[in-house]
Structure formats: C-alpha cells, structure tokens
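Trainee: Quick check, what structure comes out for this input:
(one chain, ligands or ions: 1)
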Amino acid sequence: MYSSKLIGLGHHVPDTVITNQYLSNIIDTSNEWIIERTGINERRWIDPKVDTVGNMGAKAARMALERAGLTEKDVEFIVFASITSDYYFPGSGVIMQRELGLGGIGALEVKNACSGFIYALSTADQFIKTGMYKTVLVVGAEIQSTALDLTTRGRNTAVIFGDGAGAAVLQRSDKPGILSTHLHADGTFAEELYVRDPGSSRPHAERQPEQILDTTGFKVVMNGNLVFKHAIVRFMEVINEALTKNNLTKEDINLLVPHQANLRISQYVQEKLGLADSRVFNNIMRYGNTTAASIPIAMSEAWAEGRIKENDLLCLAAFGSGFTWASALIRW
Ligand code: COA
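Mentor: Numbers count the residues shown, from 1 in each chain. The predicted structure is shown next:
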C-alpha cells in the first residue's frame, strides 16, 4: 500500500488586524479578560470587498504548491474543509477550484468545524493509499467574523474566532508519511456549538423569512464552559489513541500542533503530555480560532520557522462543533 507525504504547506490571512482593544470598544469585554481566558491578542477579519473563503483558500493553496515545487496542474483532487462557505451551497471547494483554474477535477467538501482539517487530511490520505490519486490538495478556510454576535450576549464567541486559510499538498510516497488518523464524533452535543439558520428542517417561513426580525439563529451559539470541559478530555484521548496505535509514546512527538481553540486548552494538553514549549506550536495569540483553517495555518508557520524537520514526528489534534475530535500522526 502507498503512503501519503505532506510535501508543501501554505496559508493566507486577511490584512485587517482586530485587536482586543478594538473589540472592547464595541462589546462589553476587555483586553485583560480576553488574554487571561483565551490567550488571544488579536485576530484577522476579512474585508468583504477583497476576501472570500474560496480566494483565501486559493492563496494558501498556491503557497503550498510553490513550496512543494509543484503547479496547479499537478493537483488531481481537492478536499476542502469549511463550515463557512461563501454560499449556503455549493461549498467553497469549487470556488477555489475555479480560482486555481482546475475545472474538471473533483472537489469534496468537509463540514466538520474545528476538526475539519484532520477529517479532510484523513480523507485525502485514503484516496492516496488506495492508489486513486497521486497528488491531493487539502485546504481549510473560514470566514467567521461575519457570523459573530457582536453584542454582550455573543461576547464569548465574538472574542475567540478569526478568519483565514491554510493548505497542504499531499503526495503518494513509498516512505512513511501520515502514519494514522483517528476521527470521532458525538452528535449528542450538536447544539452546544452551532449556527442554526438557514437550517433545512425549519418551517418554510423561518427558513425563508420575507423579513428577518430576529437574527439569533444566524449567529454562532456556544456553551463555552461545556465545550472547554469536553475539549481537554477529548484532546488527550485522541492523542493517546494515535500514539498507542503506532506503538509510540509522548516522548516521540517532535511537534504537537493542536487546533487553536484556546491557549488554555493547548497549555493543559502540553502540561499533561509533559512537552517542552519547543515541542508545541501555538499562534492563537495572533489569529484567534480560525476553525478548519487553524491547524494548516499553524503547520505552515511552524514549517516556515524551521520548527518541522525531516523525519520529525508531528502530532495534530482537534476538537470542536459536533462535537467532533480527531488526531493525526505524521512522519515528516
Ligand atoms: N468578556 C468579558 N466577560 C465575558 C466574556 C468576554 N468576552 N465572555 C464571557 N464573559 C463572562 C460571562 O458572561 C461570565 O460572566 P458571569 O460569571 O457574570 O455570568 C464570565 O465571563 C465567565 O463566563 P464563562 O463562559 O464561564 O467563561 P470561561 O472561563 O469558560 O471562558 C471561553 C469563556 C469562551 C473563553 C471558554 O469557555 C472557552 O474557551 N471555551 C472553549 C471554547 C472553544 O474552544 N470553542 C471552540 C471549540 S473548537
């Protein structure tokens, strides 16, 4: 059987920097509260005249292809993770495909929120292992800023989410690459972190209101405390599952790239695993939580900083809406 190697990483974030101070001028919060509870200093928000999920994905993809020494023409299939596609449907994988001039190749949409990139990576890995494709583009891209509830009611989500895109090029190899991926979900908690509208199971008049009087259903709703408690348990479980499956231990991890949900969550996981700072990569301070884009943006930056070297063991782990959680162990 073939293995899949990550041979190029890229990312793109919008230009506009939104500081905690800016947020505290529009909602009831403070720089101190945000830093203490989340570790976030600033995040990026899109300019709707400039950025789309599809074109940010394309910019990240071009960087990943260039770093891989490939061109668009080498891509045979796209797996695109996003819960904030430019249109309700179709997903933005096809928009990115159009931007990249790749009309004709398949584009699969993955809607698994913060775990989306690892689900997408796992999907691409299966296509490569079976021999169906040789080169697959895996992208996570999100625009969360335009769905945030910028009132006191929504302040627990308004302060944590940001926009951006990340991409990875996966290619067939006869050397070890992705060692294993582990995907989980528990729909019991679907409504603990979700956006309800425009949901299909809503009455006709609520799905297609002539006039929207109450926009609550279109905003992100999150039971932050419950999400936090589940996240720290599932992060540990799914990392240990991956290590056990590969007969490896936490000492073998060269770099842990956790989904950037909250710095306190990453620090908890780091402490439990007993990893030195040099073996964990966080950039939530600068970008907030960019959902499916967070892991590929972090990997791309870690690679550019020289933090990922040949033969390193990379561990990815994520938790988010669904609830879903996932991990991947990668030999670089
Ligand atoms: N600024 C100021 N106060 C805020 C606030 C904000 N942005 N958001 C919430 N608060 C207030 C609450 O209203 C509450 O006040 P009260 O005690 O008077 O009722 C108090 O702070 C504590 O709220 P709580 O929600 O318990 O805070 P927390 O310590 O759990 O931190 C989160 C909130 C969102 C930072 C935290 O729950 C979290 O990060 N959860 C995980 C989120 C996550 O990872 N989501 C994505 C999954 S991928």
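Trainee: worst-scoring helix or strand of the protein, pLDDT-wise?
Mentor: When each helix and strand of the chain is scored by mean pLDDT, DSSP states H and E, helix 204-207 comes last, with a mean of 89.
Trainee: Moving C-terminal from that one, which element do we reach first?
Mentor: strand 221-222 (DSSP states H and E).
Trainee: Poorly predicted segments of the stretch 151-300 of the chain, please.
Mentor: Judged against pLDDT under 70, the stretch 151-300 of the chain has no low-scoring part.
Trainee: show me what contacts the residue of it found nearest the ligand?
Mentor: Of all residues in the stretch 151-300 of the chain, G224 sits closest to the ligand, at 2.8 Å by CB to the nearest ligand atom. Heads up, the C-betas are built off the backbone N, CA and C, glycines and all. Shown in contact with G224 (CB atoms under 8 Å, 6 or more residues apart in numbering): 156-157.
Trainee: Next one: it from G10, what distance?
Mentor: Counting by CB to CB, to the nearest Å, the separation of G224 from G10 is 31 Å.
Trainee: At the contact with the ligand, which residues of the chain appear?
Mentor: 29, 33, 37-38, 114, 155-156, 159-160, 222, 224-225, 227-228, 231, 261-262, 265, 289, 319-320 (CB under 6 Å from any ligand atom).
Trainee: Pull out the buried members of these.
Mentor: Using 16 or more other CB atoms under 10 Å as the burial test, the residues of the chain next to the ligand include 29, 37-38, 114, 155-156, 159-160, 222, 227-228, 231, 261-262, 265, 289, 319-320 as buried.
Trainee: SS state for I40?
Mentor: Three-state assignment for I40 (DSSP: H, G, I helix; E, B strand; the rest coil): coil.
Trainee: What is the neighbour count of it?
Mentor: By other CB atoms under 10 Å, the residues close to I40 number 25.
Trainee: contacting residues for it?
Mentor: By CB under 8 Å, 6+ apart, the contact set of I40 is 20, 34, 159-160, 263, 284-285, 288-289.
Trainee: How are the strands of the stretch 201-332 of the chain distributed by residue range?
Mentor: 221-222, 255-258, 313-320, 324-331 (DSSP state E, counting those that start in this stretch).
Trainee: Among the ones you listed, single out whichever gets nearest to K245.
Mentor: K245 lies closest, by CB to CB, to one member of the strands of the stretch 201-332 of the chain: strand 324-331, at 8.0 Å.
Trainee: Work out the sheet partners of the closest one and label each with its direction, please.
Mentor: The pairing partners recorded for strand 324-331 under DSSP bridges are strand 178-185 (antiparallel), strand 313-320 (antiparallel).
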